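Trainee: No sequence on hand, only this structure:
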């Protein structure tokens with residue numbers, strides 16, 4: 001009976017050590033993936049400069065409307081292009097998110 005308990009304790013100890021190692025790997029892997037994911041997410045959102053361009057465009061539109069009401073000639077100003085993330089950035093974010101989900105759920 002003592003031998004069986006000793007073997008069982010040794011087996012449980014090795015499982016515990018293996019689990020600790022696995023949890024450490026998952027934590028480090030998740031931290032690294034999250035760091036890369038933060039970089040990719042920056043490419044998926046418009047830059048603050050683009051927000052400023054949109055606000056300036058709105059202000060110019062108001063000034064042009066006021067000028068046309070007063071009968072003044074106004075130059076044509078092209079509209080800024082709307083933000084659209086690159087397909088490669090979207091695909092990269094998908095794979096990073098998938099990797100993070102799989103590593104955390106494992």
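Mentor: Sure, I can see it. None of the values given here were measured: they were computed from a predicted structure.
Trainee: Now for residue 46, how many residues are close by?
Mentor: Each residue near residue 46 was counted by other C-beta atoms under 10 Å, and the total is 13. Just so you know, the C-beta spots here come from the backbone N, C-alpha and C atoms, and that holds for glycine as well.
Trainee: With residue 2 instead?
Mentor: Residue 2: 6 neighbours (other C-beta under 10 Å).
Trainee: got it, and residue 64?
Mentor: In terms of burial, residue 64 registers 15 neighbours under the definition other C-beta under 10 Å.
Trainee: contacting residues around it?
Mentor: The contact partners of residue 64, by C-beta atoms under 8 Å, 6 or more residues apart in numbering, come to 74, 77.
Trainee: Could you do residue 99 as well?
Mentor: For residue 99, the residues meeting the contact criterion (C-beta under 8 Å, 6+ apart) are residue 33.
Trainee: list the buried ones in the helix or strand it falls within?
Mentor: Taking DSSP states H and E as the criterion, the element that holds residue 99 is helix 87-105. Buried positions in helix 87-105, judged by neighbour count with 16 or more other C-beta atoms under 10 Å: 92, 93, 96, 99, 100, 103.
Trainee: ok, now stretch 43-57?
Mentor: Judged by neighbour count (16+ other C-beta under 10 Å), stretch 43-57 contains these buried residues: residue 53.
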